[in-house]
Each structure stands twice: as C-alpha cells, then as structure tokens.
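Student: Dropping the sequence and predicted coords here.
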Amino acid sequence: MNTNIGPLDRAIRVIIGVALIAYAIPYGFPETGWNWIGWIGVIPLITALIGFCPLYRMIGMSTSHHPHPQ
C-alpha cells in the first residue's frame, strides 16, 4: 500500500482526530448526548498513522510528494 497523505495533511488529521476523541470523552466538555460522535476521530488518526486514505485513492488524489499509481 503506497502512501497518499503528505506530512501537513497527516498533522492536520492528528489534530482533528485528537480533538474529536477529546470531545467524545466528556472530561472538560459538557455531556450533550452527542459526545459519542467524537469517536469518529479514530478514522483520521488511523489514516494519519498509516499514511493512506482510501477516499483519496478513490478520487485519484494525493497530498504526498510521492507519485501514486493509477
């Protein structure tokens, strides 16, 4: 599996993922009943860690400096 996520994209995904997960854990955030939605933050964290985004592959996009196969 080739990487298709560049360093800036990875950093942004980590920040968004951590923020969403922090919202899911109602420590410091009010309990709204919708806090569970913060667990979606696991997705950007995983894609940042492995450097691959399936959606980018489907639309033929890459933020990585490496060319991606078609």
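Tutor: Perfect, thanks for sending it.
Student: By residue count, which helix of the protein is the longest?
Tutor: For the chain, the helix reaching the highest residue count under DSSP state H is reported as helix 7-24.
Student: Run through the neighbouring helices and strands of that helix.
Tutor: Packing partners of helix 7-24 (3 or more CB pairs under 8 Å, 6 or more residues apart in numbering; DSSP states H and E): helix 42-50. To be clear about C-beta, it is placed using only N, CA and C from the backbone, and glycine gets the same treatment.
Student: Next, the buried residues of the helix or strand following the helix it packs on.
Tutor: Downstream of helix 42-50, the first helix or strand assigned by DSSP states H and E is helix 54-59. Across helix 54-59, burial judged by 16 or more other CB atoms under 10 Å covers Y56.
Student: contacts for helix 54-59?
Tutor: Helix 54-59 is contacted from outside by 4-5, 62-63, 68, using CB atoms under 8 Å, 6 or more residues apart in numbering.
Student: can you pull the contacts of the residue nearest to the spatial centre of the chain?
Tutor: By CA atoms, centre = their mean, the chain has its centre lying nearest to P44, at 1.3 Å. The contact partners of P44, taken as CB under 8 Å, 6+ apart, are 13-14, 16-17, 20.
Student: circling back to that earlier point, can you give me the mean pLDDT across the longest helix of the chain?
Tutor: Averaging pLDDT along helix 7-24 yields 94.
Student: Please shift the residue numbers so they start at 392 in all later answers.
Tutor: I'll keep to 392 as the first residue from here, and by that count the last item is helix 398-415.
Student: so it versus helix 433-441, what angle?
Tutor: With axes from the mean of the first three to the mean of the last three CA atoms, to 10 degrees applied, the angle from helix 398-415 to helix 433-441 works out at 150 degrees.
Student: in helix 398-415, what counts as buried?
Tutor: For helix 398-415, the neighbour count (16+ other CB under 10 Å) marks 400-401, 404-405, 407-408, 411-412, 414-415 as buried.
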